[in-house]
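1. Everything below, folded, please.
(one chain, ligands or ions: 1)
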Amino acid sequence: MKFNKSIFFKTIIALTFIALVLPVFLSQEVQYVIAFMGIFSFGILHGSNDLFVIEKLNDKPKQNQFIRSLFIYLGVVLAFVVVFYVIPFIALIAFVLISGYHFGEQHFHHKISNQASALASLFYLSYGLLVLFLILYFNSQEVILIIQDMTGYLVSESLLLYLLLSSLLGSLIFYVILSKKNAALKSSALRDVLYLILFSGLFYVSDVVWSFAVYFVLWHSLPSLKDQVNSLYGEFDFKNFFKYFKKAFPYWLASIIGMGVVVWLFKDSKNFLSLVFAFIAAITFPHVFVMRKLFGRD
Ligand SMILES: CC1=C(/C=C/C(C)=C/C=C/C(C)=C/C=C/C=C(C)/C=C/C=C(C)/C=C/C2=C(C)CCCC2(C)C)C(C)(C)CCC1
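-> Numbers count the residues shown, from 1 in each chain. Sure thing, here's the model as predicted:
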């Protein structure tokens, strides 16, 4: 079965509305189970085929290219783990910045013609940070505790608010400049404002885990999976998704086992949520570079 682009996004919007009202009916435990199932399945899966994406992007693959990419990928993950261990606050800032860029790029890459321009990068960064700081600010009490557990630093609610307002301002400025040359961006203005209102409502009524999971799975991972399947196999349908899943499965499983080991090793000294975010942070870095290469090519 083929997925038409508009049905795909209509389904995501409908699921977001359902996610907005579900917290009223579900206990926090049930919400956690659904949220982590989403993060550990589609969320982790959307990065699990990175090595094949790199392979596909290389015009002239060198000998042993796959093994080289595997070692570089693992090296970046391990380097981030070391940085996180030694200077956790700096590592967290880097993680938030790179995540902001990555979320913004996923949301807008198909509406901007010059992917390599600095303005496009600044716009992706400020829009992604805007969404992230909406999550962080509307759930500030939980977020402050998680950041303290991860880094030892106590950030204030007013800092989260300043960062939210700065990213809003940045998004507006870069949006106005870029929309002059990108008609698709200009014509989606109203839709994008409505999405932001929908996200704000969702993040306001939900806790941090539900807010993050709904955005990360529905608005980031599923569209990214669709883009990757399109780029690897030419079309996004069940058959090609299954091919993607089969190739990605060993890496997905390795990450789930890796996360299990991290949680088990540090279970007595760290909170579960901090460990999950720290693990996601480590695998985020190489993934963001692979996706940047993919979108640059599209
Ligand atoms: C291939 C490969 C592999 C795999 C990989 C993977 C699986 C990947 C994935 C990837 C991914 C899966 C990515 C993701 C991304 C994500 C993101 C980007 C996120 C972000 C987030 C944030 C930023 C957060 C924030 C916060 C909150 C929300 C609350 C609290 C506080 C904080 C701040 C933490 C391995 C390693 C096995 C091996 C080698 C090869």
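2. chain center to stretch 150-161, what's the gap?
-> For stretch 150-161, the separation from the chain centroid amounts to 21 Å (computed by C-alpha atoms, centre = their mean, to the nearest Å).
3. Quick one: end-to-end length of that stretch, please.
-> 20 Å (C-alpha to C-alpha, to the nearest Å).
4. and it, does that touch the ligand?
-> No. With C-beta under 6 Å from any ligand atom as the measure, stretch 150-161 is seen stopping short of the ligand, the closest distance being 6.5 Å. Glycine gets a C-beta too; all of them are placed from N, C-alpha and C.
5. What helix or strand is Gly133 located in?
-> You called it Gly, but residue 133 is Phe. Secondary structure assignment for Phe133, by DSSP states H and E: helix 118-138.
6. quick one: is that helix near the ligand?
-> Yes. Interface with the ligand: helix 118-138 contributes Leu132, Ile135, Leu136 (C-beta under 6 Å from any ligand atom).
7. From the ligand, how far off is Lys247?
-> 10 Å (C-beta to the nearest ligand atom, to the nearest Å).
8. my bad, should have said Asp237
-> Distance, Asp237 to the ligand, using C-beta to the nearest ligand atom: 23 Å.
9. Determine the number of other residues adjacent to that residue.
-> The tally of other residues near Asp237 (other C-beta atoms under 10 Å) stands at 14.
10. Repeat that for Lys239.
-> The number of residues packed near Lys239 is 12, by other C-beta under 10 Å.
11. likewise Lys111?
-> Neighbour count of Lys111, defined by other C-beta under 10 Å: 17.
12. For it, give its distance to the ligand.
-> Taking C-beta to the nearest ligand atom as the measure, Lys111 falls 20 Å from the ligand.
13. any idea of the pLDDT on that residue?
-> If you check Lys111, the pLDDT there is 95.
14. wait, it sits on Ser188?
-> Yes. With contact defined as C-beta atoms under 8 Å, Lys111 reaches Ser188; the gap is 6.3 Å.
15. ok, the residue lying closest to Phe216 once chain neighbours are set aside - contacts?
-> In space, and not counting its chain neighbours, Phe216 is closest to Gly43: 5.5 Å by C-beta to C-beta, 6 or more residues apart in numbering. Counting by C-beta atoms under 8 Å, 6 or more residues apart in numbering, Gly43 touches Ala213, Phe216, Val217, Ser221, Ile280.
16. Now do the same contact list for the fourth one.
-> Ser221 sits next to Phe42, Gly43, Leu45, His46 when contact means C-beta under 8 Å, 6+ apart.
17. For ChimeraX, what selects the buried ones among those residues?
-> Of these, the buried ones can be selected in ChimeraX as follows, counting by 16 or more other C-beta atoms under 10 Å:
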select :42,43,45,46
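18. so which of the contacts of Ser221 are also by the ligand?
-> By C-beta under 6 Å from any ligand atom, the members of the contacts of Ser221 lying near the ligand are Gly43.
19. Could you pick out which of the contacts of Ser221 are located in strands?
-> The strands, defined by DSSP state E, take in nothing from those.
20. where does this structure dip in pLDDT?
-> 1-3, 60-63, 297-298 (pLDDT under 70).
21. Could you tell me which residues of it lie near the ligand?
-> Looking at the ligand, the residues of the chain close enough under C-beta under 6 Å from any ligand atom are 43-44, 47-48, 50-51, 70, 73-74, 77, 95-96, 99, 102, 132, 135-136, 143, 146-147, 208, 212, 251-252, 254-255, 277, 280, 283-284, 287.
22. Just the buried ones from those residues?
-> Among the residues of the chain next to the ligand, those that count as buried by neighbour count (16+ other C-beta under 10 Å) are 43-44, 47-48, 50-51, 73, 77, 95-96, 99, 102, 132, 135-136, 143, 146-147, 208, 212, 251-252, 255, 277, 280, 283-284, 287.
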